[in-house]
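Asker: show me the folded form of this:
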Amino acid sequence: MNDLLAPLLTPEGRALLDEVRGTDPAQELAVATRLRREHPAELVSAALGQALLRQRAVAKFGAGDAERMFFTPDGVEQSTRASVAAYRARRFQELGVTSVADLCCGIGGDAVALARAGIRVLAVDRDPLTAAVARANAEALGLDGLIEVREADVTEVDVSAYDAVFVDPARRGGQSGGAARSVSMRGGGRATGGRIFDPEAYSPPLSWAVQAAARAPHAALKVAPGIPHEAVPDTAEAEWISDGGDVKEAVLWFGTEPGLVRATLLPGPRTLRSRGLPNPPVRPVGRFLHEPDGAVIRAHLVAEVADELGGGLVDETIAYVTADEARTTPYASAYEITDQFPFNIKKLKALLREREVGILTVKKRGSAVAPEELRKKVKPHGPNAATVFLTRVAGHPAMLVGHPLGE
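Answerer: The predicted structure is shown next:
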């Protein structure tokens, strides 16, 4: 399988990668036909596939790194976003960690972030192609002096010489023993299998990862954001991380503050810590509505946000916080509510027509109605903007209309 990568690492392969950089997918066939007159067909195919993967990787790694790194389809899909990896590396650094065993390292995204924080890394993956890609990335970014890549079964690696362990188990069917799995270097590939929600179905399972964490002074285990809270060990700190408002992952930390739950928002970082507050009361909808960040909701810290805002819930099962005062918090988006009424599409359509609303943002929580379906029915038209919330208020379907606070 390394034969899929090796030709790209030759002088001819690297020159070809430079030549096909930024190739428009619509022009791939024409470019391939031209290049095959001077280069082997397999090399041209591999270079074009890698160019497409690099274009996809820009969103996670930035253009500067993505254009130098090597990827597999699953590697692009499953690797940690660079901003999240950098944040985690800083946490390790602040803990005084100088060396990390990165188990199930995938294509090396986390290893790169750790090395850039000055931390020595042993990056381990048992898939030959994935390990080869991780090694190529360490060299391409000039970090091979700090990153040792080893092709091995992570369950057989001795981590006793390292300050910390980081484990990123596979969470998709069809993968085994690492976060990125593929036997292809082509850009059109898709991640194999579906997402796995049972932590014991991870590869390796969460129970093994917890045991591995106990072998080092500090550890971090990357898990799916949907992990049940009851599956979090009592010895772990649980952190949910969002970046730009999108929940990216959860991390179980060992050797920090057992039992702590936190939500961290990037960029920033801004971190909200659990205080063990009871569920907020349900109250009538006030002038302001607050939508907590997804990481806050996943971490079950809506009560902490409601306490900051002096508010309550619109419904006991819905994570919308309502308040009468115009307070703000970095952990929730704020809206001023102008209208509220029971779910009624005709009434909403008339209201939007009267106010000449043509730019309509639809948000939903606790409603089965699809935003696009609603837009088709109300046919917004006009120069003004509004936001409509499809939700439940005190157990009943409702519509709340308003706009972001300050607009």
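Asker: where do the helices sit along the stretch 51-200 of the chain?
Answerer: With DSSP state H, counting those that start in this stretch applied, the stretch 51-200 of the chain shows helices at 73-78, 82-94, 109-116, 128-140, listed in chain order.
Asker: quick one: Glu237 and Trp253 touch, right?
Answerer: Yes: assessed by CB atoms under 8 Å, Glu237 is found in contact with Trp253 at 4.2 Å. (Each C-beta comes from the backbone N, C-alpha and C, glycine too.)
Asker: comparing those two, which shows the higher neighbour count?
Answerer: For Glu237 and Trp253, the more surrounded residue by other CB atoms under 10 Å is Trp253, and the numbers stand at 24 against 21.
Asker: which ones are touching the more buried one?
Answerer: Under the criterion of CB atoms under 8 Å, 6 or more residues apart in numbering, the contact partners of Trp253 comprise 91, 218-220, 236-239.
Asker: let's see that with 10 Å instead.
Answerer: Contact criterion CB atoms under 10 Å, 6 or more residues apart in numbering gives 88, 91-92, 95, 164, 213, 218-221, 235-239, 260, 262 as the residues in contact with Trp253.
Asker: which of the residues you listed are buried?
Answerer: Neighbour counting over the contacts of Trp253 (16 or more other CB atoms under 10 Å) leaves 88, 91-92, 164, 213, 218-221, 236-239, 262 as the buried ones.
Asker: Arg298 is nearest to which of the helices of the stretch 51-200 of the chain?
Answerer: helix 82-94 (14.4 Å; CB to CB).
Asker: what about that closest one, average pLDDT?
Answerer: When the per-residue pLDDT values of helix 82-94 are averaged, the result is 98.
Asker: go on, stretch 209-218?
Answerer: Per-residue pLDDT over stretch 209-218 has a mean of 92.
Asker: in it, what's buried?
Answerer: For stretch 209-218, the buried set under the neighbour-count rule, 16+ other CB under 10 Å, comprises 209-210, 212-213, 216, 218.
Asker: can you check stretch 337-349 too?
Answerer: Going by neighbour count (16+ other CB under 10 Å), the buried part of stretch 337-349 is 337, 340, 343, 348.
Asker: these two touch, right, the last one and Leu360?
Answerer: Just to be clear, that refers to Leu348. Yes: Leu348 sits in contact with Leu360 when judged by CB atoms under 10 Å, with a separation of 9.5 Å.
Asker: list the residues that contact both of these two?
Answerer: 374, 378, 380, 386, 388, 401.
Asker: picking up where we left off before, restricted to helices, list the buried ones among the contacts of Trp253.
Answerer: Those of the buried ones among the contacts of Trp253 mapping onto helices are 88, 91-92, 213, per DSSP state H.
Asker: could I get those residues as JSON lines with distance to Arg283?
Answerer: Below are those laid out as JSON lines (distance: CB to CB, whole Å):
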{"residue": "Arg88", "distance to Arg283": "38"}
{"residue": "Arg91", "distance to Arg283": "37"}
{"residue": "Phe92", "distance to Arg283": "42"}
{"residue": "Ala213", "distance to Arg283": "42"}
